[in-house]
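Engineer: Below is the structure, and that's it, no one-letter string:
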Ligand SMILES: Cc1cc2nc3c(=O)[nH]c(=O)nc-3n(C[C@H](O)[C@H](O)[C@H](O)COP(=O)(O)OP(=O)(O)OC[C@H]3O[C@@H](n4cnc5c(N)ncnc54)[C@H](O)[C@@H]3O)c2cc1C
Ligand SMILES: Cc1cc2nc3c(=O)[nH]c(=O)nc-3n(C[C@H](O)[C@H](O)[C@H](O)COP(=O)(O)O)c2cc1C
Ligand code: SF4
């Protein structure tokens, strides 16, 4: 008897093969050329455009859209990639509704922005599908830089450095490059192994030697690296997670949402991924939404996101919240978990309602229970390995605007460093800007 | 990577995109910004003789025609030549040219039709270090009433005379800018050549009234209740300009005379089309007045990418390449037979092709109850109207028939040989062997 959405416990194979196929296909399917032409036509080519200002990587958006309009999408792609080498991934994962598209003059005036993200995808797909890499390296400088972490920040930094002719050793603790592009981003945002294809395409620049399974703190040290290399860039992301303080969280069926997602992202076949009939996700950010939505897509009957504050405080954007709602996920506000019930494995989660007072958030004393055979914790990530001798600020590596850390010749960027939101595009911008500063300091 | 630099009359510019003589080139501030943005050259806003400058109206000088979404398609203006003192302009031209030696600096001139006036201005322009001059024989309003601009440009003898004066009095290359407000553009071009001009540029603006205010019962732009005809430019005039360019390029009298193409150039593709018709470079006005100087980046990237794709290493590889294929109607192959074809996967069933063909053409498209539209080959004369009105690019295409196939419309075999009107039996002056266009 195959499993269904009703099968109790944590089970795989709850859906038909077609349902899995359908559920994990592209969230926003790529434009056909005609759709791209119509969408591009809406751009007004604004002066000193607000969309460009809102883009953390400052892509010249009106210019690339004009290049699409004039029938040269590959030139449009070059305009994008010259600012953001991961423009392909960003086209898929950027919360455009809170970045470029939010400030599009047509969003402000009509509530309907130019669809910048999808146009960016149209252009970048065109060039990447041709297999061409649009950049080449400057003459080799003889300088060597170590980049630790092959996520968006590290990849972007390594690429820019290589363009300037520096040789890069790119280390990552995992067996595969890509960082959260490969292990975190929701499946329906990056289908068909795009993250891995993008890494391969990016590395075509040459001069970057990828060394996987090598980590800082476990074989590599800052001391050693600064001695062996002319400069070091840290893009190690947030490898740790916040601990959930509630009784009984050690029960079976309780896990970290990021682990659940990374298993999912590496699966060849979604029907092999077990998921609870009743799933409860604790948290309010993008990770919580992604874990909840994907649980639902895997065939859970009931999925609830429980957040301790109001919806307006959630890290997930309105668009993400709507996406969750349309997938059938229930969002429960103002509720904090106090106890996990169950005999060995989780069966129920007990919550207390909260309210925000002048003294901050506090429980109201009123409690209730939700049935759960799976509890996913998504209450924030933390810096995993604290690199020795580097000053932190608010739990992250303290950096200047150009990404300089407190240690000479060591730069950092992306989620692991202070400044900017924890987004793919911000990591790309910080990696690139640090590379510019490293180049200046190596050649200056 | 293709080399997009251009050499027009020995005047070099890093790309073939110049700004036309107009407000964008009226002063140092603008021109410096244009060069910073990447423009290859400018034709400075037309200068007049020393003395009190002309005055402009103090109300609206532009009118416009829009496409969907208020996309500006045509602009009309009643502006005159520069209204700033001659000496100010000359000083600024010199300063800019000194700072941008690699960019083309052409000075547009319009002075009274007397040799003394030209003799007076040419040396002071030469002194700025400018690369050449353009004679504005085109401005259709304001100046024409004073015997300048298009009033000269409409009389070939005057063009020849003034061009000759200029050639005799300056070492700078002379470009004659032509007005389109004339019946046969070949005549003024021939006159310019006879006068010794090094090149022609065209078109200047077209006489026009863009709209009428139905409350005030006055043409727009309206100045205190009255309006006047202005000069029309922008994307809407491109087809008119390209025809005039092609006429000059294929006229044996003027063939080979360098041409600077102007009129509606907005994208790299427009530029490539003008150049294929024989222009050594192009000039742009309305497009920058609509979108700003930055568009030149798209023009450069687009032209270069297209040249790479086609294997053109320099602009000379394709300048004039379309000229041999511009011919007269009577030389078109009447044995070439095509049929429209609707791609059913691309079709969105709007029915515009049906309305066009059924109401106004050859009743050659069928419509089913469930809105499937199909071409009936036995009725289709391949007029192309359905292709032109279809909102989806490449949804309807023209498929040529192969020699030997039976044309279902006539029931006759498609001949393999070329045959044109010159031998057609219906032609009262038919000859036995077809003649070919040049
Ligand atoms: C579930 C989830 C969904 C998300 N969805 C979106 C989204 O839709 N849109 C968006 O813009 N952002 C999203 N984000 C955020 C985004 O993924 C991150 O901001 C971005 O990946 C940060 O890039 P990074 O390079 O700084 O770090 P990471 O992507 O985390 O990469 C860090 C890399 O460093 C390696 N590493 C870690 N420690 C060490 C060490 N000690 N030694 C060597 N290597 C090490 C890791 O293996 C990893 O490859 C999401 C995040 C999560 C968790
Ligand atoms: C406001 C305005 C002023 C112009 N002034 C001049 C001028 O002073 N001298 C001149 O030769 N042409 C003048 N022109 C014509 C332009 O140089 C150009 O020939 C014409 O606008 C067609 O090009 P376009 O379609 O790119 O605008 C003017 C055009 C405009 C719109
Ligand atoms: S563009 Fe507008 S603001 Fe500028 S001068 Fe003209 S009317 Fe005035």
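Structural biologist: Great, that's in hand. Not measured: the values here are computed from a predicted model. Ligands and ions are numbered 1, 2, ... in the order given.
Engineer: where does the chain dip in pLDDT?
Structural biologist: This is for chain A. For chain A, the stretches with pLDDT under 70 are A:1.
Engineer: you looked at the wrong chain, it should be chain B
Structural biologist: Under the criterion pLDDT under 70, the flagged ranges of chain B are B:139-141, B:436-438.
Engineer: Domain ranges for it, per the record?
Structural biologist: B:6-325, B:331-423 (automatic domain parsing).
Engineer: possible to save these as a markdown table with distance to ligand 2 and mean neighbour count?
Structural biologist: In short, each C-beta sits where N, CA and C put it, glycine included. Converted to a markdown table, the domains of chain B look like this (distance: least, Cβ to the nearest ligand atom, whole Å; neighbours: other Cβ atoms under 10 Å in any protein chain shown):
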| stretch | distance to ligand 2 | mean neighbour count |
| --- | --- | --- |
| domain B:6-325 | 3 | 20 |
| domain B:331-423 | 22 | 15 |
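Engineer: Turn the ones you listed into JSON lines, columns for distance to ligand 1.
Structural biologist: As requested, these are exported to JSON lines (distance: least, Cβ to the nearest ligand atom, whole Å):
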{"stretch": "domain B:6-325", "distance to ligand 1": "28"}
{"stretch": "domain B:331-423", "distance to ligand 1": "33"}
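Engineer: Which one of these lies nearest to residue A:283?
Structural biologist: domain B:6-325 (42.4 Å; Cβ to Cβ).
Engineer: quick one: is the closest one near chain A?
Structural biologist: Yes. Contact of domain B:6-325 with chain A (Cβ under 8 Å from any Cβ of the partner chain) involves B:69, B:71, B:267-269, B:291-292, B:294-295, B:297-298, B:301-302, B:305-306.
Engineer: Surely residue A:174 is within a helix?
Structural biologist: No. Looking at residue A:174 with DSSP: H, G, I helix; E, B strand; the rest coil, it is coil, so not inside a helix.
Engineer: Any idea how many residues pack against the closest residue to it other than its chain neighbours?
Structural biologist: Excluding the flanking residues, the one nearest residue A:174 by Cβ to Cβ, 6 or more residues apart in numbering or on different chains is residue A:212, at 6.4 Å. By other Cβ atoms under 10 Å in any protein chain shown, the residues close to residue A:212 number 14.
Engineer: What does residue A:212 show for phi and psi?
Structural biologist: Main-chain torsions, residue A:212, degrees, to the nearest 10: phi -90, psi 160.
Engineer: contacting residues for it?
Structural biologist: A:150, A:171-172, A:174-177 (Cβ atoms under 8 Å, 6 or more residues apart in numbering or on different chains).
Engineer: try 7 Å
Structural biologist: Contacts here follow Cβ atoms under 7 Å, 6 or more residues apart in numbering or on different chains; on that basis residue A:212 touches A:172, A:174-177.
Engineer: Run through the bridge partners of it.
Structural biologist: Here residue A:212 sits in beta bridges with residue A:172, as judged by DSSP bridges.
Engineer: How about chain A: which residue is closest to ligand 2?
Structural biologist: Going by Cβ to the nearest ligand atom, ligand 2 is nearest to residue A:70 of chain A, at 15.8 Å.
Engineer: Pick the one among the residues of domain B:6-325 next to chain A closest to residue B:28.
Structural biologist: residue B:292 (17.8 Å).
Engineer: can you put the domains of chain B in CSV and add distance to residue A:87?
Structural biologist: CSV is the format used below for the domains of chain B (distance: least, Cβ to Cβ, whole Å):
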stretch, distance to residue A:87
domain B:6-325, 16
domain B:331-423, 25
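Engineer: Just give the nearest non-adjacent residue to residue A:310, would you?
Structural biologist: Once flanking residues are discounted, residue A:310 sits nearest to residue A:333: 5.2 Å by Cβ to Cβ, 6+ apart.
Engineer: Counting neighbours, what do you get for that neighbour?
Structural biologist: Residues lying near residue A:333 (other Cβ under 10 Å) number 17.
Engineer: so it touches residue A:307, yeah?
Structural biologist: Yes. At 5.7 Å, residue A:333 and residue A:307 qualify as touching, with contact defined as Cβ atoms under 7 Å.
Engineer: from what I can see residue A:291 touches residue A:261, true?
Structural biologist: Yes. Between residue A:291 and residue A:261 there is a contact under Cβ under 7 Å: 5.9 Å.
Engineer: ok, those two, which is more surrounded?
Structural biologist: A count of neighbours by other Cβ under 10 Å puts residue A:291 above the other of residue A:291 and residue A:261, at 30 against 23.
Engineer: Apart from its neighbours in sequence, what residue is nearest the more buried one?
Structural biologist: residue A:257 (3.8 Å).
Engineer: tell me the contacts of the one you found?
Structural biologist: Residue A:257 sits next to A:281, A:283, A:287-288, A:291, A:376-378 when contact means Cβ under 7 Å, 6+ apart.
Engineer: what's the answer for residue A:277, then?
Structural biologist: So residue A:277 contacts A:5-9, A:300-301, A:373 (Cβ under 7 Å, 6+ apart).
Engineer: now, which of those residues lie within strands?
Structural biologist: The members of the contacts of residue A:277 all map outside strands under DSSP state E.
Engineer: Would you format those residues as CSV with neighbour count included?
Structural biologist: CSV is the format used below for those (neighbours: other Cβ atoms under 10 Å in any protein chain shown):
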residue, neighbour count
A:5, 16
A:6, 9
A:7, 18
A:8, 12
A:9, 13
A:300, 24
A:301, 16
A:373, 23
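Engineer: Would you tell me which one of the residues you listed comes nearest to residue A:397?
Structural biologist: Closest approach between these and residue A:397, by Cβ to Cβ: residue A:300, at 37.2 Å.
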